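Participant: pasting the sequence and the predicted coordinates here, then a few questions.
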Amino acid sequence: MRVELLCTGDELVTGLITDTNSTYLEARLFDLGVKVERVVLVGDVRPDITQALLEAASRADVVVVSGGLGPTADDFTLECAASAAGVPLEEDARVLGWLRERYAARGASINPSALRMARIPRGAEPVRNPEGSAPLVVLTLGRCRLFFLPGVPREFRALLNAVVLPRIQTELESRPGRVFRAFRLLKTVGIPESELDLAVAPLAPLHPRVVFGFRTHAPENHLKLMAEAPSQAEADAALAAVEADCRRVLGPRVFGADAEEYVPVLLGLLGRESATLAAAESCTGGLVAQRITAVPGASNTFVGGAVVYSEKLKSAWAGVPPEVLERHSAVSRQTALAMAEGIRAACGATYGLSVTGYAGPGGGSPEDPVGTVYCGLAAPGVPTRVDRISISGDRDRVRLFAASHSLEMLRQHLLTAAVRP
């Protein structure tokens, strides 16, 4: 099955907003064994949208169209769809009723602009939108089915999951000579994409039924595995075999799979130890704490921390002796060590993390240029560990990778501790 996505709107082609609908659709279709063949962005120009619809329908079995279904003057995607199909727009009584109910529930009177959303191409099928006003519209053009969805991500995802994906799955299952697929997304951290590719490249000839793919989601790199076979059992077996080989080659650099996220995995490791964590941050400005506290239930393990940007607060809040700062500077192995140990003691935590460095664009020294970061980990029963890392890129990238490295120090320690006798 060939699936394409067409996203409309001047805001997309002028950079005012980022297109997130296409990446969401691609990921959800990947779960069904379908790869999106093409994504097209088109501005609010009637002839361009009409032509894009005709071209996509001539190539694809399914086209998902996002945007341009609202009540304003620049929402004319369905007008273009009617033009492409050679049919008129007509007011649909069902959609009109849905709109009136929605406006009444909000205590508002329906206005002439809102009535635009009740006009759909003749012969098209409307589907009620549970999250908004504009309906999903399904239109057949030749052998192609087109699904027109609102561009608002919340509405797009609700209709995609409730209506579009189940229909695509039903069609896939009914096709003769169907190829069965099984998928796994292995998530790694601490290994560049090129090195990830090199590490698993020798495995590809051993698994001819599996397609290898890669995705960067900084600071992570993901390995996509798709097994294809004449039956689901064979596809599942091929996937299990290649996953086992990949995990063997990549080892602890794989932190999770599919929907698993890094910080919840880390917090799970801490929880199994009944351990707690505190952090003292300088150049990351609280990014470590922010990533942790974004996860519900983080308070079970994360007791707190401090953003110790100045030398005064490194001493007052993280317990760094003033003589250490005077002798070695705020960005040094000795300061990172003292910060990790000091915040651990101050918070009474099992583990203490620290980050101090030069995020740029200014600062640095010949010995420690911009991008140099020291990350510390204080743990019970072992010497405090300090890593010196050099990160290229702008300020945001330095801070992101510094926070990631400090958390990864802790994860690797927990994995090692778990296998100790």
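Facilitator: That came in fine, so what should we check first?
Participant: what is the mean pLDDT for the helix or strand harbouring residue 185?
Facilitator: Residue 185 belongs to strand 180-189 when assigned by DSSP states H and E. Strand 180-189 shows a mean pLDDT of 93.
Participant: send the alpha carbons of it over as PDB?
Facilitator: Output of strand 180-189 as PDB, limited to C-alpha atoms (Å, rounded to 0.1, in the frame of the first residue of the first chain):
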ATOM      1  CA  PHE A 180       3.300  -9.400   7.100                       C
ATOM      2  CA  ARG A 181       5.500  -7.100   9.000                       C
ATOM      3  CA  ALA A 182       6.900  -6.800  12.500                       C
ATOM      4  CA  PHE A 183       8.700  -3.800  14.000                       C
ATOM      5  CA  ARG A 184      11.100  -2.800  16.700                       C
ATOM      6  CA  LEU A 185      12.600   0.600  17.500                       C
ATOM      7  CA  LEU A 186      15.700   0.200  19.600                       C
ATOM      8  CA  LYS A 187      16.700   3.400  21.300                       C
ATOM      9  CA  THR A 188      20.400   4.100  22.100                       C
ATOM     10  CA  VAL A 189      22.300   6.900  23.700                       C
END
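Participant: please save the CA atoms from the helix or strand that it is followed by in PDB.
Facilitator: Note on strand 180-189: by DSSP H and E, the next helix or strand toward the C-terminus is helix 193-200. Output in PDB follows, covering the C-alpha atoms of helix 193-200 (Å, rounded to 0.1, in the frame of the first residue of the first chain):
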ATOM      1  CA  GLU A 193      24.500   7.600  14.300                       C
ATOM      2  CA  SER A 194      27.400   6.700  12.000                       C
ATOM      3  CA  GLU A 195      28.900   4.400  14.700                       C
ATOM      4  CA  LEU A 196      25.500   2.800  15.200                       C
ATOM      5  CA  ASP A 197      25.300   2.100  11.500                       C
ATOM      6  CA  LEU A 198      28.800   0.600  11.500                       C
ATOM      7  CA  ALA A 199      28.100  -1.500  14.600                       C
ATOM      8  CA  VAL A 200      25.000  -3.200  13.100                       C
END
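Participant: report the angle between the next helix or strand after helix 193-200 and strand 180-189.
Facilitator: The helix or strand immediately downstream of helix 193-200 is strand 210-217, counting by DSSP H and E. With axes from the mean of the first three to the mean of the last three Cα atoms, to 10 degrees as the basis, strand 210-217 and strand 180-189 are set at 40 degrees to each other.
Participant: how far does the next helix or strand after strand 210-217 sit from its chain's centre?
Facilitator: Note on strand 210-217: by DSSP H and E, the next helix or strand toward the C-terminus is strand 220-229. Here the centre of strand 220-229 is set off from its chain's centre by 16 Å, with Cα atoms, centre = their mean, to the nearest Å.
Participant: same question for stretch 383-403.
Facilitator: 22 Å.
Participant: okay, how far is it across it, tip to tip?
Facilitator: Using Cα to Cα, to the nearest Å, the end-to-end distance of stretch 383-403 comes to 21 Å.
Participant: average pLDDT across that stretch?
Facilitator: 97.
Participant: quick one: buried residues of it?
Facilitator: 384, 385, 386, 391, 397, 398, 399, 400, 401, 402, 403 (16 or more other Cβ atoms under 10 Å). Placement of C-beta: from N, CA and C, glycine included.
Participant: who does the strand holding residue 185 pair up with?
Facilitator: strand 220-229 (antiparallel), strand 254-257 (antiparallel) (DSSP bridges).
Participant: lowest-confidence helix or strand of the chain?
Facilitator: The helix or strand of the chain with the poorest confidence is helix 21-32; it has a mean of 88 (mean pLDDT, DSSP states H and E).
Participant: any buried residues in that helix, and which?
Facilitator: 21, 22, 24, 25, 28, 29, 30, 32.
Participant: hey, where'd the strands end up in the stretch 301-421 of the chain?
Facilitator: 302-307, 351-357, 372-378, 385-390 (DSSP state E, counting those that start in this stretch).
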